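**Student:** okay, structure incoming, though there's no sequence with it:
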(Lines give C-alpha, C1' and ligand atoms only; values in the text may rest on other atoms or scores of the structure.)
Protein backbone atom coordinates (compact mmCIF):
# COMPACT_ATOMS: atom_id res chain seq x y z
CA UNK A 1 0.00 0.00 0.00
CA UNK A 2 1.34 3.44 -0.96
CA UNK A 3 2.34 5.69 1.93
CA UNK A 4 0.12 8.63 2.79
CA UNK A 5 1.41 11.98 1.59
CA UNK A 6 2.38 14.47 4.28
CA UNK A 7 2.04 17.76 2.41
CA UNK A 8 0.24 17.22 -0.90
CA UNK A 9 -3.55 17.09 -0.91
CA UNK A 10 -5.97 16.61 -3.79
CA UNK A 11 -4.87 19.88 -5.40
CA UNK A 12 -1.30 20.54 -4.35
CA UNK A 13 -0.27 22.15 -1.05
CA UNK A 14 -2.41 24.86 0.53
CA UNK A 15 -2.73 26.70 3.85
CA UNK A 16 -2.42 29.96 5.72
CA UNK A 17 0.61 32.13 4.97
CA UNK A 18 3.14 32.04 7.80
CA UNK A 19 1.77 28.81 9.23
CA UNK A 20 3.69 25.64 8.34
CA UNK A 21 4.07 24.52 5.66
CA UNK A 22 3.17 27.79 3.91
CA UNK A 23 6.36 29.59 4.96
CA UNK A 24 9.34 31.02 3.07
CA UNK A 25 11.63 28.45 4.66
CA UNK A 26 9.49 25.55 3.45
CA UNK A 27 9.16 27.01 -0.05
CA UNK A 28 12.95 27.25 -0.33
CA UNK A 29 13.26 23.56 0.54
CA UNK A 30 10.29 22.66 -1.70
CA UNK A 31 11.89 24.42 -4.67
CA UNK A 32 15.06 22.44 -4.06
CA UNK A 33 13.13 19.15 -3.72
CA UNK A 34 11.23 19.81 -6.96
CA UNK A 35 14.51 20.64 -8.63
CA UNK A 36 16.11 17.40 -7.44
CA UNK A 37 13.19 15.34 -8.79
CA UNK A 38 13.17 17.05 -12.17
CA UNK A 39 16.91 17.54 -12.66
CA UNK A 40 18.69 15.23 -15.03
CA UNK A 41 21.60 15.58 -17.37
CA UNK A 42 22.14 19.24 -18.06
CA UNK A 43 20.23 22.13 -16.48
CA UNK A 44 16.58 21.27 -16.85
CA UNK A 45 13.96 24.01 -16.71
CA UNK A 46 10.99 24.66 -14.43
CA UNK A 47 8.37 27.40 -14.96
CA UNK A 48 7.06 29.40 -12.00
CA UNK A 49 3.86 31.43 -12.16
CA UNK A 50 1.58 32.92 -9.52
CA UNK A 51 -1.71 34.65 -8.88
CA UNK A 52 -1.98 38.18 -7.43
CA UNK A 53 -1.62 37.48 -3.69
CA UNK A 54 0.87 39.70 -1.90
CA UNK A 55 2.67 36.63 -0.52
CA UNK A 56 3.39 35.43 -4.06
CA UNK A 57 6.47 37.64 -4.30
CA UNK A 58 8.00 36.06 -1.21
CA UNK A 59 7.31 32.50 -2.30
CA UNK A 60 8.43 33.13 -5.88
CA UNK A 61 11.84 34.23 -4.62
CA UNK A 62 12.13 31.27 -2.24
CA UNK A 63 11.21 28.72 -4.91
CA UNK A 64 13.65 30.31 -7.36
CA UNK A 65 16.48 30.04 -4.83
CA UNK A 66 15.70 26.39 -4.11
CA UNK A 67 15.53 25.46 -7.78
CA UNK A 68 18.79 27.29 -8.44
CA UNK A 69 20.52 25.41 -5.62
CA UNK A 70 19.37 22.13 -7.17
CA UNK A 71 20.97 23.11 -10.48
CA UNK A 72 17.70 23.76 -12.34
CA UNK A 73 16.98 26.77 -14.54
CA UNK A 74 13.90 28.82 -13.63
CA UNK A 75 11.61 30.75 -15.96
CA UNK A 76 9.53 33.28 -14.03
CA UNK A 77 6.12 33.95 -15.57
CA UNK A 78 4.67 36.39 -13.03
CA UNK A 79 0.90 36.68 -12.44
CA UNK A 80 -0.81 34.28 -14.83
CA UNK A 81 -3.81 31.93 -14.64
CA UNK A 82 -3.13 28.38 -13.46
CA UNK A 83 -4.20 26.86 -16.83
CA UNK A 84 -1.81 29.26 -18.57
CA UNK A 85 1.09 27.73 -16.64
CA UNK A 86 -0.08 24.26 -17.72
CA UNK A 87 -0.09 25.44 -21.36
CA UNK A 88 3.26 27.24 -21.17
CA UNK A 89 4.92 24.28 -19.44
CA UNK A 90 4.04 22.22 -22.52
CA UNK A 91 5.04 24.78 -25.11
CA UNK A 92 8.37 25.64 -23.45
CA UNK A 93 9.11 21.91 -23.10
CA UNK A 94 9.81 22.53 -19.41
CA UNK A 95 10.21 19.60 -17.05
CA UNK A 96 7.56 21.00 -14.70
CA UNK A 97 5.39 24.02 -13.99
CA UNK A 98 4.78 25.54 -10.55
CA UNK A 99 1.82 27.77 -9.72
CA UNK A 100 1.85 29.80 -6.49
CA UNK A 101 -1.86 30.09 -5.71
CA UNK A 102 -4.61 29.22 -3.27
CA UNK A 103 -7.24 29.38 -6.04
CA UNK A 104 -10.55 30.73 -4.69
CA UNK A 105 -9.29 31.15 -1.08
CA UNK A 106 -8.79 34.56 0.59
CA UNK A 107 -5.52 36.49 0.20
CA UNK A 108 -4.08 35.29 3.52
CA UNK A 109 -3.92 31.73 2.18
CA UNK A 110 -1.51 30.50 -0.45
CA UNK A 111 -0.29 27.26 -1.89
CA UNK A 112 1.47 25.36 -4.64
CA UNK A 113 0.09 23.52 -7.67
CA UNK A 114 2.37 21.48 -9.92
CA UNK A 115 2.14 20.42 -13.55
CA UNK A 116 4.12 17.82 -15.46
CA UNK A 117 5.82 18.49 -18.79
CA UNK A 118 2.55 17.34 -20.45
CA UNK A 119 0.62 20.10 -18.66
CA UNK A 120 -1.30 17.83 -16.30
CA UNK A 121 -1.33 17.55 -12.50
CA UNK A 122 1.49 15.43 -11.09
CA UNK A 123 0.88 11.79 -10.33
CA UNK A 124 0.92 10.58 -6.73
CA UNK A 125 4.25 8.78 -7.08
CA UNK A 126 5.99 11.97 -8.26
CA UNK A 127 4.56 13.94 -5.33
CA UNK A 128 5.84 11.23 -2.99
CA UNK A 129 9.33 11.52 -4.51
CA UNK A 130 9.27 15.27 -3.86
CA UNK A 131 8.18 14.65 -0.26
CA UNK A 132 11.01 12.15 0.16
CA UNK A 133 13.56 14.83 -0.77
CA UNK A 134 11.93 17.21 1.72
CA UNK A 135 13.03 14.83 4.47
CA UNK A 136 16.68 15.06 3.37
CA UNK A 137 19.18 17.85 4.19
CA UNK A 138 19.26 20.56 1.53
CA UNK A 139 22.44 20.67 -0.52
CA UNK A 140 23.77 22.99 -3.22
CA UNK A 141 25.34 21.92 -6.49
CA UNK A 142 28.78 23.17 -7.49
CA UNK A 143 28.77 26.86 -8.41
CA UNK A 144 29.37 26.09 -12.09
CA UNK A 145 26.23 23.92 -12.09
CA UNK A 146 23.86 26.39 -10.41
CA UNK A 147 20.64 27.10 -12.23
CA UNK A 148 19.88 30.43 -13.86
CA UNK A 149 16.64 32.41 -13.71
CA UNK A 150 15.05 34.83 -16.12
CA UNK A 151 11.62 36.31 -16.74
CA UNK A 152 9.46 35.46 -19.73
CA UNK A 153 7.99 38.77 -20.84
CA UNK A 154 5.58 37.61 -23.56
CA UNK A 155 3.72 34.93 -21.57
CA UNK A 156 0.39 36.81 -21.52
CA UNK A 157 0.39 37.29 -25.28
CA UNK A 158 1.19 33.63 -25.90
CA UNK A 159 -1.68 32.49 -23.67
CA UNK A 160 -4.17 34.98 -25.14
CA UNK A 161 -3.47 33.63 -28.62
CA UNK A 162 -3.83 30.05 -27.36
CA UNK A 163 -7.23 30.80 -25.82
CA UNK A 164 -8.50 32.47 -29.00
CA UNK A 165 -7.38 29.40 -30.94
CA UNK A 166 -9.79 27.15 -29.04
CA UNK A 167 -12.79 28.48 -30.98
CA UNK A 168 -13.52 27.69 -34.61
CA UNK A 169 -11.62 29.71 -37.25
CA UNK A 170 -13.59 32.65 -38.55
CA UNK A 171 -15.94 32.82 -35.58
CA UNK A 172 -16.19 36.21 -33.89
CA UNK A 173 -18.41 37.60 -31.16
CA UNK A 174 -19.22 41.00 -32.68
CA UNK A 175 -22.40 42.49 -31.28
CA UNK A 176 -22.12 40.71 -27.93
CA UNK A 177 -21.94 42.73 -24.73
CA UNK A 178 -20.14 40.86 -21.94
CA UNK A 179 -19.27 41.64 -18.33
CA UNK A 180 -16.11 39.83 -17.16
CA UNK A 181 -15.35 39.49 -13.43
CA UNK A 182 -11.64 38.75 -12.99
CA UNK A 183 -11.85 38.17 -9.20
CA UNK A 184 -8.96 40.62 -8.65
CA UNK A 185 -6.85 37.62 -9.61
CA UNK A 186 -4.52 36.20 -12.20
CA UNK A 187 -6.80 36.76 -15.21
CA UNK A 188 -7.02 40.55 -14.74
CA UNK A 189 -4.63 41.33 -17.61
CA UNK A 190 -5.63 38.41 -19.82
CA UNK A 191 -9.37 37.68 -19.82
CA UNK A 192 -10.64 41.11 -21.00
CA UNK A 193 -8.21 40.99 -23.93
CA UNK A 194 -9.24 37.48 -24.98
CA UNK A 195 -12.94 38.33 -25.23
CA UNK A 196 -12.45 41.77 -26.78
CA UNK A 197 -9.98 40.47 -29.38
CA UNK A 198 -12.63 38.05 -30.67
CA UNK A 199 -15.05 40.91 -31.17
CA UNK A 200 -17.09 41.25 -27.99
CA UNK A 201 -17.75 44.52 -26.18
CA UNK A 202 -16.24 43.86 -22.76
CA UNK A 203 -16.84 45.55 -19.42
CA UNK A 204 -14.27 44.33 -16.89
CA UNK A 205 -14.95 43.98 -13.17
CA UNK A 206 -12.54 43.25 -10.32
CA UNK A 207 -9.54 43.82 -12.59
CA UNK A 208 -7.42 45.98 -10.28
CA UNK A 209 -5.67 43.56 -7.89
CA UNK A 210 -3.72 45.02 -4.98
CA UNK A 211 -2.42 41.79 -3.44
CA UNK A 212 -5.12 41.67 -0.80
CA UNK A 213 -8.47 41.98 -2.62
CA UNK A 214 -8.27 38.67 -4.54
CA UNK A 215 -11.61 36.79 -4.39
CA UNK A 216 -12.99 39.47 -2.02
CA UNK A 217 -16.74 39.49 -2.73
CA UNK A 218 -16.07 38.95 -6.42
CA UNK A 219 -15.37 36.19 -8.91
CA UNK A 220 -16.79 32.70 -9.29
CA UNK A 221 -17.43 32.22 -5.56
CA UNK A 222 -19.41 35.48 -5.22
CA UNK A 223 -21.24 36.22 -8.50
CA UNK A 224 -23.88 38.53 -6.96
CA UNK A 225 -22.08 41.71 -8.00
CA UNK A 226 -21.69 40.35 -11.53
CA UNK A 227 -25.43 39.65 -11.69
CA UNK A 228 -26.17 43.25 -10.75
CA UNK A 229 -23.73 44.62 -13.35
CA UNK A 230 -25.15 42.40 -16.12
CA UNK A 231 -28.59 43.92 -15.46
CA UNK A 232 -27.18 47.44 -15.11
CA UNK A 233 -25.22 47.27 -18.37
CA UNK A 234 -27.96 45.29 -20.14
CA UNK A 235 -25.30 42.78 -21.09
CA UNK A 236 -25.94 39.53 -22.95
CA UNK A 237 -24.29 37.59 -20.14
CA UNK A 238 -21.54 37.74 -17.53
CA UNK A 239 -18.42 35.66 -16.93
CA UNK A 240 -17.02 35.09 -13.42
CA UNK A 241 -13.57 33.56 -13.00
CA UNK A 242 -11.83 32.74 -9.73
CA UNK A 243 -8.51 33.98 -8.36
CA UNK A 244 -6.34 31.67 -10.45
CA UNK A 245 -8.62 31.35 -13.48
CA UNK A 246 -9.44 27.64 -13.44
CA UNK A 247 -13.12 28.07 -12.48
CA UNK A 248 -16.02 29.51 -14.47
CA UNK A 249 -19.47 30.59 -13.34
CA UNK A 250 -21.72 32.58 -15.70
CA UNK A 251 -24.74 34.87 -15.37
CA UNK A 252 -27.47 35.06 -18.02
CA UNK A 253 -29.14 38.27 -19.22
CA UNK A 254 -31.81 37.97 -16.49
CA UNK A 255 -29.13 38.05 -13.78
CA UNK A 256 -29.55 34.34 -12.96
CA UNK A 257 -26.41 32.38 -12.08
CA UNK A 258 -25.47 29.48 -14.39
CA UNK A 259 -23.24 27.04 -12.49
CA UNK A 260 -20.61 24.54 -13.58
CA UNK A 261 -23.06 21.65 -13.95
CA UNK A 262 -25.26 23.65 -16.32
CA UNK A 263 -22.29 24.94 -18.31
CA UNK A 264 -20.84 21.44 -18.67
CA UNK A 265 -24.22 20.19 -19.91
CA UNK A 266 -24.38 22.95 -22.54
CA UNK A 267 -20.91 22.08 -23.86
CA UNK A 268 -21.62 18.33 -23.82
CA UNK A 269 -24.89 18.74 -25.71
CA UNK A 270 -23.16 20.96 -28.27
CA UNK A 271 -20.39 18.42 -28.89
CA UNK A 272 -23.00 15.63 -29.08
CA UNK A 273 -25.15 17.49 -31.63
CA UNK A 274 -22.09 18.14 -33.78
CA UNK A 275 -20.99 14.48 -33.44
CA UNK A 276 -17.76 15.55 -31.74
CA UNK A 277 -18.29 14.03 -28.30
CA UNK A 278 -16.05 11.11 -27.35
CA UNK A 279 -16.44 8.90 -24.30
CA UNK A 280 -18.54 9.59 -21.22
CA UNK A 281 -19.04 12.95 -19.52
CA UNK A 282 -17.53 12.86 -16.02
CA UNK A 283 -18.87 14.72 -13.00
CA UNK A 284 -18.42 14.14 -9.29
CA UNK A 285 -20.41 12.76 -6.38
CA UNK A 286 -21.78 16.30 -5.93
CA UNK A 287 -22.94 16.81 -9.53
CA UNK A 288 -26.63 17.67 -9.69
CA UNK A 289 -28.86 14.71 -10.51
CA UNK A 290 -30.63 16.87 -13.07
CA UNK A 291 -27.54 16.88 -15.25
CA UNK A 292 -27.24 13.10 -15.12
CA UNK A 293 -30.89 12.74 -16.19
CA UNK A 294 -30.57 15.40 -18.92
CA UNK A 295 -27.50 13.69 -20.40
CA UNK A 296 -29.25 10.31 -20.25
CA UNK A 297 -32.12 11.81 -22.22
CA UNK A 298 -29.63 12.62 -24.97
CA UNK A 299 -28.08 9.16 -24.85
CA UNK A 300 -24.83 10.46 -23.33
CA UNK A 301 -23.05 8.28 -20.77
CA UNK A 302 -22.25 9.90 -17.43
CA UNK A 303 -19.81 8.83 -14.69
CA UNK A 304 -19.19 10.20 -11.19
CA UNK A 305 -15.69 10.66 -9.76
CA UNK A 306 -14.66 11.64 -6.26
CA UNK A 307 -14.89 15.37 -5.53
CA UNK A 308 -11.95 17.27 -7.04
CA UNK A 309 -10.93 18.10 -10.61
CA UNK A 310 -7.92 15.80 -10.22
CA UNK A 311 -10.22 12.79 -9.85
CA UNK A 312 -12.39 13.97 -12.74
CA UNK A 313 -9.27 14.05 -14.90
CA UNK A 314 -8.24 10.56 -13.79
CA UNK A 315 -11.65 9.13 -14.69
CA UNK A 316 -11.68 10.90 -18.07
CA UNK A 317 -8.29 9.38 -18.83
CA UNK A 318 -9.36 5.91 -17.72
CA UNK A 319 -12.56 5.92 -19.82
CA UNK A 320 -11.46 7.87 -22.89
CA UNK A 321 -13.63 10.88 -22.11
CA UNK A 322 -13.08 14.47 -23.21
CA UNK A 323 -15.47 16.53 -21.03
CA UNK A 324 -15.75 16.69 -17.26
CA UNK A 325 -16.27 19.11 -14.44
CA UNK A 326 -17.80 20.21 -11.16
CA UNK A 327 -20.67 22.45 -10.14
CA UNK A 328 -18.11 24.82 -8.61
CA UNK A 329 -16.98 25.71 -12.12
CA UNK A 330 -13.99 23.47 -12.86
CA UNK A 331 -14.69 22.49 -16.47
CA UNK A 332 -12.23 20.31 -18.37
CA UNK A 333 -12.34 20.28 -22.17
CA UNK A 334 -9.62 17.82 -23.14
CA UNK A 335 -10.26 18.43 -26.83
CA UNK A 336 -8.97 21.98 -26.25
CA UNK A 337 -6.50 21.88 -23.34
CA UNK A 338 -5.08 19.65 -20.60
CA UNK A 339 -6.67 21.04 -17.44
CA UNK A 340 -9.63 23.04 -16.15
CA UNK A 341 -9.61 26.49 -17.77
CA UNK A 342 -12.24 29.14 -17.05
CA UNK A 343 -11.48 31.29 -20.09
CA UNK A 344 -11.40 28.36 -22.52
CA UNK A 345 -14.66 26.97 -21.10
CA UNK A 346 -16.32 30.37 -21.44
CA UNK A 347 -15.26 30.58 -25.10
CA UNK A 348 -16.92 27.21 -25.77
CA UNK A 349 -20.18 28.48 -24.26
CA UNK A 350 -20.06 31.71 -26.25
CA UNK A 351 -19.38 29.84 -29.48
CA UNK A 352 -22.46 27.72 -28.78
CA UNK A 353 -24.51 30.89 -28.25
CA UNK A 354 -23.23 32.11 -31.62
CA UNK A 355 -23.82 28.76 -33.35
CA UNK A 356 -27.39 28.32 -32.16
CA UNK A 357 -28.52 31.92 -32.01
CA UNK A 358 -29.93 31.19 -28.54
CA UNK A 359 -29.32 33.12 -25.37
CA UNK A 360 -27.49 31.58 -22.42
CA UNK A 361 -30.82 31.61 -20.61
CA UNK A 362 -32.37 29.52 -23.39
CA UNK A 363 -29.43 27.11 -23.65
CA UNK A 364 -29.58 26.16 -19.96
CA UNK A 365 -33.27 25.21 -20.24
CA UNK A 366 -32.31 21.76 -21.51
CA UNK A 367 -31.33 20.77 -17.98
CA UNK A 368 -33.66 20.90 -14.99
CA UNK A 369 -31.64 21.32 -11.81
CA UNK A 370 -32.95 19.30 -8.88
CA UNK A 371 -33.25 21.06 -5.50
CA UNK A 372 -30.24 20.15 -3.40
CA UNK A 373 -29.59 20.66 0.30
CA UNK A 374 -26.10 20.32 1.75
CA UNK A 375 -25.54 20.34 5.52
CA UNK A 376 -22.10 20.20 7.15
CA UNK A 377 -21.91 18.41 10.50
CA UNK A 378 -18.80 19.06 12.63
CA UNK A 379 -16.71 15.96 13.24
CA UNK A 380 -14.27 15.30 16.06
CA UNK A 381 -12.36 12.06 15.72
CA UNK A 382 -13.31 9.64 12.98
CA UNK A 383 -16.31 7.57 11.93
CA UNK A 384 -17.01 4.99 9.24
CA UNK A 385 -20.33 6.19 7.87
CA UNK A 386 -20.77 3.06 5.78
CA UNK A 387 -20.89 0.66 8.72
CA UNK A 388 -22.76 2.66 11.35
CA UNK A 389 -26.13 0.89 11.56
CA UNK A 390 -28.13 3.88 12.86
CA UNK A 391 -26.91 6.22 10.13
CA UNK A 392 -27.33 3.64 7.38
CA UNK A 393 -30.88 2.82 8.53
CA UNK A 394 -31.85 6.50 8.41
CA UNK A 395 -30.15 6.92 5.02
CA UNK A 396 -32.15 4.00 3.57
CA UNK A 397 -35.38 5.49 4.96
CA UNK A 398 -34.65 8.81 3.23
CA UNK A 399 -33.83 7.03 -0.03
CA UNK A 400 -37.11 5.13 0.17
CA UNK A 401 -39.02 8.39 0.58
CA UNK A 402 -37.23 9.98 -2.39
CA UNK A 403 -37.82 6.92 -4.57
CA UNK A 404 -36.16 7.06 -7.98
CA UNK A 405 -36.34 10.84 -8.13
CA UNK A 406 -33.64 11.65 -5.61
CA UNK A 407 -30.20 10.92 -4.26
CA UNK A 408 -28.46 10.87 -0.88
CA UNK A 409 -24.74 11.40 -0.33
CA UNK A 410 -22.93 11.01 2.98
CA UNK A 411 -19.18 11.58 3.10
CA UNK A 412 -16.45 12.91 5.34
CA UNK A 413 -14.65 15.96 3.97
CA UNK A 414 -11.12 15.46 2.68
CA UNK A 415 -10.04 18.95 3.75
CA UNK A 416 -12.06 19.82 6.89
CA UNK A 417 -13.30 17.98 10.02
CA UNK A 418 -16.83 17.70 8.68
CA UNK A 419 -19.40 15.14 7.63
CA UNK A 420 -21.20 16.36 4.51
CA UNK A 421 -24.88 15.42 4.28
CA UNK A 422 -26.39 16.02 0.85
CA UNK A 423 -29.91 15.24 -0.34
CA UNK A 424 -31.43 16.14 -3.69
CA UNK A 425 -34.72 15.40 -5.41
CA UNK A 426 -37.64 16.97 -7.24
CA UNK A 427 -39.59 18.29 -4.22
CA UNK A 428 -37.73 21.09 -2.43
CA UNK A 429 -39.64 20.60 0.85
CA UNK A 430 -39.00 16.85 0.95
CA UNK A 431 -35.33 17.42 0.13
CA UNK A 432 -34.88 20.01 2.89
CA UNK A 433 -36.76 18.00 5.53
CA UNK A 434 -34.90 14.79 4.62
CA UNK A 435 -31.48 16.46 4.75
CA UNK A 436 -32.19 17.98 8.15
CA UNK A 437 -33.50 14.67 9.51
CA UNK A 438 -30.46 12.77 8.28
CA UNK A 439 -28.08 15.45 9.57
CA UNK A 440 -29.73 15.29 13.00
CA UNK A 441 -29.22 11.52 13.07
CA UNK A 442 -25.53 11.99 12.21
CA UNK A 443 -25.20 14.59 15.00
CA UNK A 444 -26.83 12.25 17.51
CA UNK A 445 -24.50 9.40 16.60
CA UNK A 446 -21.41 11.61 16.76
CA UNK A 447 -22.38 13.00 20.16
CA UNK A 448 -23.23 9.61 21.65
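**Tutor:** Okay, I see it. Just so you know, these numbers come straight off a predicted model, no measurement behind them.
**Student:** where does the protein dip in pLDDT?
**Tutor:** Applying pLDDT under 70 to the chain flags the ranges 1-3, 41-43, 414-415.
**Student:** what is the neighbour count of residue 296?
**Tutor:** When neighbours are counted by other Cβ atoms under 10 Å, residue 296 registers 11. Every C-beta, even on glycine, is put in place using the N, C-alpha and C of the backbone.
**Student:** which residues sit in contact with it?
**Tutor:** The neighbours of residue 296, taking Cβ atoms under 8 Å, 6 or more residues apart in numbering as the test, are residue 302.
**Student:** for the host helix or strand of it, buried residues please.
**Tutor:** Taking DSSP states H and E as the definition, one finds residue 296 inside helix 289-297. Within helix 289-297, the residues scored as buried using 16 or more other Cβ atoms under 10 Å are 289, 290, 291, 292, 294, 295.
**Student:** need those in JSON lines with distance to residue 149, can you?
**Tutor:** Shown next, in JSON lines, are the buried residues of helix 289-297 (distance: Cβ to Cβ, whole Å):
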{"residue": "289", "distance to residue 149": "50"}
{"residue": "290", "distance to residue 149": "49"}
{"residue": "291", "distance to residue 149": "45"}
{"residue": "292", "distance to residue 149": "48"}
{"residue": "294", "distance to residue 149": "49"}
{"residue": "295", "distance to residue 149": "47"}
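**Student:** which one of those residues is nearest residue 109?
**Tutor:** Closest approach to residue 109 among these (Cβ to Cβ): residue 291, at 30.1 Å.
**Student:** list the contacts of the closest one.
**Tutor:** Counting by Cβ under 8 Å, 6+ apart, residue 291 makes contact with 261, 262, 264, 265, 283, 302, 367, 369.
**Student:** how close does it sit to residue 111?
**Tutor:** Using Cβ to Cβ, to the nearest Å, we find residue 291 at a distance of 29 Å from residue 111.
**Student:** coming back round to it: can I have the buried ones of the contacts of residue 291 as a ChimeraX selection?
**Tutor:** Buried members of these can be picked out in ChimeraX with the line below, counting by 16+ other Cβ under 10 Å:
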select :261,262,264,265,283,302,367,369
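**Student:** narrow the contacts of residue 291 to those in strands?
**Tutor:** Of those, the ones assigned to strands by DSSP state E are 283, 302.
**Student:** of all the contacts of residue 291, which comes closest to residue 132?
**Tutor:** residue 283 (34.2 Å).
**Student:** surely residue 246 touches residue 103?
**Tutor:** Yes - Residue 246 sits in contact with residue 103 when judged by Cβ atoms under 8 Å, with a separation of 6.9 Å.
**Student:** for the strand or helix carrying residue 160, which positions count as buried?
**Tutor:** Per DSSP H and E: residue 160 is located in helix 155-164. By neighbour count on 16+ other Cβ under 10 Å, the buried set for helix 155-164 is 155, 156, 158, 159, 160, 162, 163, 164.
**Student:** would JSON lines of these with distance to residue 394 be doable?
**Tutor:** Shown next, in JSON lines, are these (distance: Cβ to Cβ, whole Å):
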{"residue": "155", "distance to residue 394": "53"}
{"residue": "156", "distance to residue 394": "53"}
{"residue": "158", "distance to residue 394": "55"}
{"residue": "159", "distance to residue 394": "50"}
{"residue": "160", "distance to residue 394": "53"}
{"residue": "162", "distance to residue 394": "50"}
{"residue": "163", "distance to residue 394": "48"}
{"residue": "164", "distance to residue 394": "52"}
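**Student:** quick one: the strands in the stretch 301-448 of the chain?
**Tutor:** Taking DSSP state E, counting those that start in this stretch to define them, one finds strands in the stretch 301-448 of the chain at 302-305, 323-325, 331-333, 372-378, 406-412, 418-425.
**Student:** ok, the stretch 101-250 of the chain next?
**Tutor:** In the stretch 101-250 of the chain, the strands defined using DSSP E, counting those that start in this stretch lie at 109-116, 149-151, 177-181, 201-205, 237-241, 248-252.
**Student:** in JSON lines: the ones you listed, plus mean neighbour count.
**Tutor:** Below are the strands of the stretch 101-250 of the chain laid out as JSON lines (neighbours: other Cβ atoms under 10 Å):
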{"stretch": "strand 109-116", "mean neighbour count": "24"}
{"stretch": "strand 149-151", "mean neighbour count": "13"}
{"stretch": "strand 177-181", "mean neighbour count": "24"}
{"stretch": "strand 201-205", "mean neighbour count": "19"}
{"stretch": "strand 237-241", "mean neighbour count": "29"}
{"stretch": "strand 248-252", "mean neighbour count": "27"}
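**Student:** turn these into TSV, including distance to residue 402.
**Tutor:** Shown next, in TSV, are the strands of the stretch 101-250 of the chain (distance: least, Cβ to Cβ, whole Å):
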stretch	distance to residue 402
strand 109-116	37
strand 149-151	56
strand 177-181	36
strand 201-205	40
strand 237-241	32
strand 248-252	28
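**Student:** compare those strands and give me the one nearest residue 387.
**Tutor:** Nearest to residue 387, of all the strands of the stretch 101-250 of the chain, is strand 109-116, at 33.9 Å by Cβ to Cβ.
**Student:** quick one: list the elements packing against that closest one.
**Tutor:** strand 13-16, helix 24-38, helix 56-69, helix 82-91, strand 96-100 (3 or more Cβ pairs under 8 Å, 6 or more residues apart in numbering; DSSP states H and E).
**Student:** try it again at 6 Å.
**Tutor:** Contact here means 3 or more Cβ pairs under 6 Å, 6 or more residues apart in numbering; DSSP states H and E; on that basis strand 109-116 packs against strand 13-16, strand 96-100.
**Student:** deepest of those strands, which one?
**Tutor:** strand 96-100 (a mean of 27; mean count of other Cβ atoms under 10 Å).
**Student:** what about residue 246 and residue 103, which has more around it?
**Tutor:** Higher neighbour count among residue 246 and residue 103: residue 246, with 33 against 27, using other Cβ under 10 Å.
**Student:** still on that earlier bit, of all the strands of the stretch 101-250 of the chain, which lies closest to residue 377?
**Tutor:** Among these, the nearest to residue 377 by Cβ to Cβ is strand 109-116 (23.9 Å).
**Student:** buried ones in the longest helix anywhere in the chain?
**Tutor:** Using DSSP state H to assign secondary structure, the helix with the most residues in the chain is helix 428-447. Of all the residues in helix 428-447, those buried under the rule 16+ other Cβ under 10 Å are 430, 431, 432, 434, 435, 438, 439, 441, 442, 445, 446.
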